[in-house]
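Trainee: Task: produce atomic coordinates for the following.
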Amino acid sequence: MVIIVIKIAQLQLDIMMPEMDGWETCKEIRNHWDTPIIMLTARDSKEDIVKGLKGGADDYISKPFDEEELVARIEAVLRRQKNNHGVIQFNGLSLDQDAFQLQFKGININLTPKEFGLITLFLTNQNIVFTREHLITSIWGYEVSTEDRTIDSHIRNLREKLRKAGFPAEKYLQTVWGVGYKWNSHE
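Mentor: Predicted coordinates for the structure are as follows:
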């Protein structure tokens, strides 16, 4: 089985992996990310197709397959993703990138552009640790010279705004001591 995970990378999985099979891996990916998943596998029974789609895959293609059909299916999944693009949901948070708006349970949380950039980066890359240097490069750009403590200040302000709205910020926006910060989606 090959699971094509668009946006993260191509990930090849075998159904018979030792610790977690391909079905469970697909479910785990879906539990944490909203990235499109296409299963490409030799298993073509109706039960396998239903299991794959119910397990979180956006599409399921059996081998042998036609390359043009595969490309068309990838394009279709990307079109659907684009139509939903811009809004990220997480435990009551709703981040609308197009409208530059963050809400918690329908209540607006006003953010500065840098705070919005940080929360967007964290929510689109959950469970990944970012160093302060990476955050500076990603949010401020390469040409900016700023202090590491500037990041700490922006993170502190972001946490405070999330807390005031009722969101448990410390549970998710975590400090990784000596390294940087991450958005921990595991409960």
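Trainee: Helix, strand or coil: sort out Leu158 for me.
Mentor: On the three-state scheme (DSSP: H, G, I helix; E, B strand; the rest coil), Leu158 is labelled helix.
Trainee: Verify the stated contact: Asn108 with Gln101.
Mentor: Yes. At 6.6 Å, Asn108 and Gln101 qualify as touching, with contact defined as Cβ atoms under 8 Å. Yep, even glycine has a C-beta here, placed from its N, CA and C like the rest.
Trainee: Could you check which of the two has the larger neighbour count?
Mentor: Gln101 (15 against 11; other Cβ atoms under 10 Å).
Trainee: and that one, what are its bridge partners?
Mentor: Asp96 (DSSP bridges).
Trainee: Okay, helices next: where are they in this protein?
Mentor: Using DSSP state H, the helices of the chain run over residues 22-32, 46-54, 67-84, 113-124, 132-139, 148-164, 169-172.
Trainee: most tightly surrounded among these?
Mentor: Each of the helices of the chain was given a mean neighbour count from mean count of other Cβ atoms under 10 Å, and the largest, a mean of 19, is that of helix 113-124.
Trainee: Next, the angle from it to helix 132-139.
Mentor: In terms of direction (axes from the mean of the first three to the mean of the last three Cα atoms, to 10 degrees), helix 113-124 departs from helix 132-139 by 110 degrees.
Trainee: Low-confidence stretches in the protein?
Mentor: Along the chain, segments meeting pLDDT under 70 span 1-17, 32-34, 81-86, 142-148, 187.
Trainee: domain assignment for it?
Mentor: 2-84, 87-183 (automatic domain parsing).
Trainee: Tell me how many other residues crowd Ser45.
Mentor: Ser45: 9 neighbours (other Cβ under 10 Å).
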